[in-house]
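3D model of this:
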Amino acid sequence: MKSKGTGFKIGGFFKQNIAAVIFILIALICFPLSGMKLSYVVQQVLLRLGQNSFLVLALIIPIIAGMGLNFSITVGAMAAQIAVFFVTDWAYQTESAVFSGFGGFLLALVMLIPLALLFGFLAGKLLNKTKGQEMIAGMILGFFATGIYMFFFLIVIGTVIHIDNPFLIISGGVGVKNTFDITITSALDNLFNRKLATAGPYILCLFALNATGRINRRLFGEQKKGRILSGMPFLLGALSLTIFLLAGERPGDVMYLFWYLGLGVTVLSAVLSVVRIVKFGLEGVLWKDVFGAAFCLAAIIAFQALEYVNPGSKAVLDEIKAFLNVRVPISTYFAILLLCLFNTFLLKTKIGQDLRTVGQSMSVATASGINVNKVRIYAIVLSTLFAGIGQLIYLQCIGSVQTYAAHNNIALYSVAALLVGGASITRATNRQALFGIVIFHTILILLPQAVGNVFDDAQNSEYFRAFMLYSVICFSLISYAVTTRKKRRDKDPSHS
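A predicted model of the protein is given here:
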């Protein structure tokens, strides 16, 4: 019997992740052509990872439920923008700190939840009427909802709902301005913000502890006690490192004991992984855990070395300092982590199993006693809710709202990022979503400047940006269609 996870075919890997491979190559080509500094690119990628992760992760549950790419997440973004508008108005009218900063962010979150749930329920009811055509129906629904949304902000605000606020309302007293500044700018990002010199090793240690923990499970046994023992290094290391991170920008000497304890536990867990592999071999070990742990440990060592390196060149030294001083919104990343854990946990519950069953076959799900329509509505409601939270996170990071355009392209950009990560319309994971965001937005950062430098025309860069956005979606959908047809032909040679 073949061992789980130890086999790794390079050809199969490239075939399954052809989109990701192509766009990684594009990024590597664009970087030297753009002339951008590494520290700037890293800063922008980390910023966009925080801005867009919730929106991309919101697409996963409908895919699992067999509904394809949910272009109707636009309605969730509208719910967030409505909530932000009213919170901003109350902040200007009352000049109270309750409606600004993190307090205003929480109030907007509370407001958008019922709106997003309502919009998601209505969208789910509609998509249940268009089974098999959910993607195109979701896209058209987004356009239809945009019309209602614009009617609300152009006509209802000022006639039915009277708001006397010159910062938000057009001079005639009817309709909202095209753009307005919000009072919750960076409310979540600044709650827990650290330099990359500290945040980088912290995140890498968590990944390394998670990967080595999975490798070490056989060393402690499969019983309950063994599973608890194999998880102890992660809990101890994560707790120690988090305590240090919470200590602030200038922690005391005592706090460094927690930092070194966390690093020590990470190294110990890696040593135990080596012992486990030597003792039991690679049976039952996933290659991605081995490579992931090795990469994280190497990167941690590199971060520590950069603190003490002296290249002898002032330009290189300044670039290293700029790289280590890049700001990382850890609090936003924690929110993203919670959504990833929720997605993982949901699939292990009864509802998650129903989602999978419906996604694989609606007829089998019906025969099993599952209410297919209800499960599909659950998927869209959750997706819409997470998209609304994602748009709120995005807006607080930007600091302003384009009233009539902020939500327009979020579905396209989110779908493109997910597909670049290796997902398809039938399969998507947290890892693919996050990886896709990093690659896709790296290219969005590099490509305009690279094309502008090559052709000496900034206007061409925007054409290339739009071309790349639609080509990602087109290429991925065509690739999926070809792969599906080939699988059907292999199962049934008579199938044409």
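
Do a quick rundown of the strands in the chain.
All strands of the chain, identified by DSSP state E, fall at 179-181, 193-195, 327-329, 400-402.

Now render those as TSV, adding mean neighbour count.
In this view, the C-beta of every residue, glycine as well, is placed from N, C-alpha and C. Output for these, formatted as TSV (neighbours: other CB atoms under 10 Å):
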stretch	mean neighbour count
strand 179-181	14
strand 193-195	16
strand 327-329	22
strand 400-402	17
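
would you turn those strands into a markdown table with mean pLDDT and distance to V278?
Shown next, in a markdown table, are the strands of the chain (pLDDT from 0 to 100; distance: least, CB to CB, whole Å):
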| stretch | mean pLDDT | distance to V278 |
| --- | --- | --- |
| strand 179-181 | 91 | 60 |
| strand 193-195 | 88 | 37 |
| strand 327-329 | 89 | 36 |
| strand 400-402 | 91 | 57 |
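
which stretch among those comes nearest G120?
When the strands of the chain are compared by CB to CB, strand 400-402 sits nearest G120, at 21.2 Å.

quick one on the thing from earlier: any chance of the strands of the chain in CSV, with distance to R276 too?
CSV is the format used below for the strands of the chain (distance: least, CB to CB, whole Å):
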stretch, distance to R276
strand 179-181, 55
strand 193-195, 33
strand 327-329, 32
strand 400-402, 52
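
Nearest approach to N210 belongs to which of the ones you listed?
strand 327-329 (18.7 Å).

Run through who's touching that closest one.
For strand 327-329, contacts defined as CB atoms under 8 Å, 6 or more residues apart in numbering pick out 43, 46-47, 50, 188-190, 192-196, 199-200, 397.

change it to 6 Å
46, 50, 189, 193-194, 196, 199 (CB atoms under 6 Å, 6 or more residues apart in numbering).

Among the residues you listed, pick out the one closest to Q304, please.
Nearest to Q304 out of these is L196 (CB to CB; 12.9 Å).

Give me the local confidence score for the closest one.
On the pLDDT scale, L196 is placed at 89.

so how many other residues sit close to it?
Other residues near L196 come to 22 when the count uses other CB atoms under 10 Å.

now the one 3 residues further on
For A199, the count of nearby residues is 21 (other CB under 10 Å).

Just give the closest residue to it, not the sequence neighbours.
Nearest non-adjacent residue to A199, counting by CB to CB, 6 or more residues apart in numbering: V328, 3.8 Å away.

What's the separation between the one you found and F71?
V328 sits 31 Å away from F71, taking CB to CB, to the nearest Å as the criterion.

before we move on, the earlier item: in helices, which of the contacts of strand 327-329 fall?
Among the contacts of strand 327-329, the members falling in helices (DSSP state H) are 46, 50, 196, 199.

give the contact list for the second one.
Which is G50. The contact partners of G50, taken as CB under 6 Å, 6+ apart, are 329, 332.

Now do the same for it: its pLDDT.
91.

Would you check how far apart the spatially closest residue to L346 that is not a sequence neighbour and A428 are?
Closest residue to L346 in three dimensions, ignoring its sequence neighbours and counting by CB to CB, 6+ apart: G352, at 4.6 Å. Computed as CB to CB, the G352 to A428 distance reads 14 Å.

so who does A450 touch?
With contact set as CB under 6 Å, 6+ apart, A450 has these partners: 30, 33-34.

go with 10 Å
26-27, 29-36, 443, 461, 464 (CB atoms under 10 Å, 6 or more residues apart in numbering).

Which among those count as buried?
Those of these that meet the buried threshold are 26-27, 30-31, 34, 36, 443, 461, 464, by 16 or more other CB atoms under 10 Å.

If you count neighbours, what's buried in stretch 106-121?
Buried-residue list, stretch 106-121, by 16+ other CB under 10 Å: 107-109, 111-112, 115-117, 119-120.

Can you give me the distance of the residue most central in space within the chain to F386?
What sits nearest the mean C-alpha location of the chain, by CA atoms, centre = their mean, is S53, with 2.1 Å. According to CB to CB, S53 stands 10 Å off from F386.

Same check on G436?
Relative to F386, and taking CB to CB, G436 is found at 16 Å.

go on, A58?
Shown here: A58 relative to F386, a distance of 4 Å by CB to CB.

Compare neighbour counts for these two and give me the winner.
The neighbour count for A58 versus F386, taken as other CB under 10 Å, is higher for A58 (30 against 25).

wait, isn't the more buried one in contact with A433?
Yes: using CB atoms under 10 Å, A58 is in contact with A433, at 9.3 Å.

Give the intersection of the neighbour lists for those two.
Taking CB under 10 Å, 6+ apart as the criterion, A58 and A433 both touch 339, 343, 414, 418.

The closest residue in space to the first one that isn't next to it in sequence: what's it in contact with?
Translated: L339. In space, and not counting its chain neighbours, L339 is closest to L57: 5.2 Å by CB to CB, 6+ apart. By CB under 10 Å, 6+ apart, the contact list for L57 reads 336, 339-340, 342-343, 383, 386-387, 390, 414, 418, 428-430, 433-434, 437.

Can you give me the distance of the nearest residue to I330 once chain neighbours are set aside to S186?
Leaving aside its sequence neighbours, I330 sits nearest to F192 (CB to CB, 6+ apart; 4.6 Å). Here the criterion is CB to CB. By it, F192 lies 12 Å from S186.

Need the overlap of contacts for S53 and F386.
Residues touching both S53 and F386 (CB under 10 Å, 6+ apart) are L339.

number of nearby residues for the residue nearest to I182 when sequence neighbours are not counted?
Excluding its sequence neighbours, the residue lying closest to I182 (CB to CB, 6+ apart) is T88, at 5.0 Å. Using other CB under 10 Å, T88 has 24 neighbouring residues.

and if you look at K374?
Neighbours of K374 using other CB under 10 Å come to 13.

how much space is there between it and Q43?
K374 sits 44 Å away from Q43, going by CB to CB.

what's the answer for I169, then?
Separation of I169 from Q43 (CB to CB) stands at 36 Å.

same deal with D164?
40 Å.

So for those two, which residue has more residues nearby?
Using other CB under 10 Å as the criterion, D164 and Q43 rank with Q43 on top: 19 against 10.

Contact partners for the more buried one?
With contact taken as CB under 10 Å, 6+ apart, Q43 is in contact with 37, 196, 322-323, 325-328, 445.

In these, find the pair that's most separated.
N325 and I445 (18.7 Å).
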